[in-house]
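S.K.: Here is a sequence together with a model predicted from it:
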Amino acid sequence: MPKRFFGRLLAIGAMLVSAPALAQSGGFEAQFDNALGTQVRAPQTLEALYETPLAREIAMLADGSNGRIGVYAVDLATGHEVGVLADQRFPMASTSKVAIAAAYLAGVDEGRWSLTSEFRLPRPGGAYLPAYKHLSLMISKSCNDCTDALLAAVGGPRAVNKWMRNAGIEGFELSRDIRTLIREDGRIDPAWSVDAKDSATPRAMGQLLAGIYQGKWLSDHSRRFLLDAMEETTTGKRRMRSALPVSANLAHKTGTLSRTASDIGIFHTPDGRAIAAAIYVTGQSPSMAIENGSRSRKLEARANRDARISSITQALYHGFGRNVNDGRNWASAEYGGR
């Protein structure tokens, strides 16, 4: 037995012998604390602790009482980030098209194919279109057939997963083509269950956006082509787009499936800093059965999901727009002249 511990036991014994006198003098607790090194501590609070006011605001807006909500956003100039369930999987839906497009454009940069290579739309009587047309339509209009045409061209989901892993991005898994994904949609309620198939974490998609913007994996021409297509996105007008001024120069891609809505994009603060953000919202109605049993309830739930994305985007824009300065400056210039 260690001498120090044995000595403390002797001290406790002496305290017990003289306990009545100590109790009368009010010194028993003090003697016990001195012997064992304990001290009176205030009860710890069970309230969540947040590093910044922005983190608190996003956590409140991403309340999951009506379905899981995942958020990840990072300031590409300062490295400051904020997240809620940022490392939990969510259905990618059509946001996966950004990764598919990036994988194809990387192949263009490597000389394996080109923007003018033609691929047939995978449907009866489908026309052949040049790759640049497929890319533009799959991003700006969310064309599913164009996506599947290029997905087949790069080698299917496995090839995209490999490209993402080689890019150093974890938490991403493409499992099916878009046609199959849509056919099998609705089998699992994403509000309360996590399906690993065709899923990604908000952090993974935010990292993908950041790397594309920063030119980590694509040539300047390919990078610019993809961002231009994202700036022309016409879907999800009540999501990120509704929360930002035109001056934010939003480049984004939306996703929609049963009981889920998403939007991932890059926008700019008033002082020109680029913010990469990924927002995934599920549920926002009492249940899948109620939502599917009434057209009005389905439309209401869709509107609720869109509104959540919009409110979170607005909070991110204003929160990052404040003068955030923690002493770091990871990038002092805008990327690509933007």
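M.R.: On my side now, so go ahead.
S.K.: And L208, how far from A62?
M.R.: Counting by Cβ to Cβ, to the nearest Å, the gap between L208 and A62 amounts to 20 Å. All C-beta spots, glycine's among them, are computed from the backbone N, C-alpha and C.
S.K.: Equivalent analysis for S287, please.
M.R.: When distances are taken as Cβ to Cβ, S287 and A62 turn out to be 20 Å apart.
S.K.: what about the two, which has more around it?
M.R.: Residue environment comparison for S287 versus A62 gives the larger neighbour count to A62, 21 against 14, counting by other Cβ atoms under 10 Å.
S.K.: Do I have it right that the more buried one meets I69?
M.R.: Yes - the pair formed by A62 and I69 meets the contact definition of Cβ atoms under 8 Å, at 4.1 Å.
S.K.: where do the contact lists of the two overlap?
M.R.: Shared contacts of A62 and I69 (Cβ atoms under 8 Å, 6 or more residues apart in numbering): V84, L85, R308, I312.
S.K.: Quick check: pLDDT value at the residue nearest to the last one when sequence neighbours are not counted.
M.R.: Of all residues not flanking I312 in the chain, L61 sits nearest, at 5.0 Å (Cβ to Cβ, 6 or more residues apart in numbering). Reading off the confidence values, L61 has pLDDT 96.
S.K.: One more: L226?
M.R.: Model confidence at L226, expressed as pLDDT, equals 98.
S.K.: which residues in this structure form strands?
M.R.: In the chain, the segments counted as strands under DSSP state E are 69-75, 81-84, 90-91, 118-120, 128-130, 172-173, 199-200, 251-257, 260-268, 274-282.
S.K.: looking at these, which is closest to A103?
M.R.: Across the strands of the chain, A103 has its closest neighbour in strand 172-173 (11.4 Å, Cβ to Cβ).
S.K.: The closest one pairs with which strands?
M.R.: strand 199-200 (antiparallel) (DSSP bridges).
S.K.: So what touches the partner strand?
M.R.: Residues from elsewhere that reach strand 199-200 (Cβ under 8 Å, 6+ apart): R89, F90, P91, M92, T95, S96, G171, F172, E173.
S.K.: Which one of the residues you listed is nearest to P270?
M.R.: Distance to P270, by Cβ to Cβ, is smallest for T95 among the contacts of strand 199-200, at 26.3 Å.
S.K.: so that closest one touches S262, yeah?
M.R.: Yes - assessed by Cβ under 8 Å, T95 is found in contact with S262 at 5.2 Å.
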